[in-house]
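Peer 1: here's my sequence, what's the structure:
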Amino acid sequence: MVEGFDYGVAEAERTETQTALSEAQQTSERIVAEAQEQAKQTLDDARKAAQQEAFDLRRQALKEVKAILSRVESVRAAADEELETQRIFSNIAKIKANSATLITGQTANGHVEVTGGLPVDVSPTPIAEAISETSALVTAEVSDQPKAATGRKATGKRDKKAAK
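Peer 2: Numbers count the residues shown, from 1 in each chain. All right, here's what the predicted structure looks like:
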C-alpha cells in the first residue's frame, strides 16, 4: 500500500466515473434510438408524399387522356359525317350524269347533244332536294341488295351457291 494514498476516495471516484460512463452510454443509446425513429418517420413521410404525388400525376394524366380521346372521337365523328356527305354528293353526281345520258345523246368524242328536243337541267340541285332524292335511291338500293354473309363458313356457302 502506498502511504498517503486514500483508497476510499479513489474507489468513490471510480464508482462516480463508472456511473457517469453508464449514464453517457444510456444517453447515447437513447439519442441514437430517437434519431433512428426520426429518420424512419421522415422516410415514411417522404414515401407517403411520393405516393400521393404519383397518384395525383396518374389522375391528371388520366384526365388528359380522356380529353384527348374525346377530341379524337369528335374528329372521327366529323370525318364520318364528311364522308357521308361526300358519298351523298357522289351519288347525286352519278344520278345526274345517268339522267343526262338518258335524256341526251352522247357522241363518241364525249359531247352531249339533246335528243328529242327535251331540255336538260345540268344546274346544281339544292342540297335538301338532293339529299331527299339520294336517300330515297339509297334506301331502294339497300333493300334490293342481298345481305352479305359473315364469317368463313357463310362466305364458303355463298361461294358454293354462286358456283351453282
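Peer 1: okay, CA-based contacts and neighbour counts for the rest of this
Peer 2: Will do.
Peer 1: remind me, longest helix of the chain?
Peer 2: In the chain, with assignment by DSSP state H, the single longest helix is helix 7-103.
Peer 1: which elements pack onto it?
Peer 2: The elements that helix 7-103 packs onto, with contact taken as 3 or more C-alpha pairs under 8 Å, 6 or more residues apart in numbering; DSSP states H and E, are helix 127-144.
Peer 1: quick one: mean pLDDT over the longest helix of the chain.
Peer 2: The pLDDT scores in helix 7-103 average 93.
Peer 1: buried residues in stretch 78-98?
Peer 2: Neighbour-count burial for stretch 78-98 flags 88-89, 91-92, 95-96 (criterion: 16 or more other C-alpha atoms under 10 Å).
Peer 1: looking at the residues you listed, spot the one nearest residue 13.
Peer 2: Residue 13 lies nearest to residue 88 out of those, by C-alpha to C-alpha, at 110.9 Å.
Peer 1: mind checking the SS state of residue 5?
Peer 2: Recorded secondary structure, residue 5: coil (DSSP: H, G, I helix; E, B strand; the rest coil).
Peer 1: what about it, how many residues nearby?
Peer 2: 9 (other C-alpha atoms under 10 Å).
Peer 1: picking up where we left off before, which of the buried residues of stretch 78-98 sits closest to residue 48?
Peer 2: Using C-alpha to C-alpha, residue 88 comes nearest to residue 48 of these, at 59.6 Å.
Peer 1: ok, now how distant is residue 80 from residue 38?
Peer 2: In this view, residue 80 and residue 38 are 62 Å apart by C-alpha to C-alpha, to the nearest Å.
Peer 1: let me fix that, I meant to ask about residue 18.
Peer 2: 30 Å.
Peer 1: follow-up on the earlier one: so which of the buried residues of stretch 78-98 is the closest to residue 72?
Peer 2: Among the buried residues of stretch 78-98, residue 88 lies closest to residue 72 (C-alpha to C-alpha), at 24.2 Å.
Peer 1: how near is residue 15 to residue 80?
Peer 2: Taking C-alpha to C-alpha, one finds residue 15 at 96 Å from residue 80.
Peer 1: make that residue 35, sorry
Peer 2: 66 Å.
Peer 1: repeat that for residue 24.
Peer 2: Distance, residue 24 to residue 80, by C-alpha to C-alpha: 83 Å.
Peer 1: could you do residue 10 as well?
Peer 2: Distance, residue 10 to residue 80, by C-alpha to C-alpha: 103 Å.
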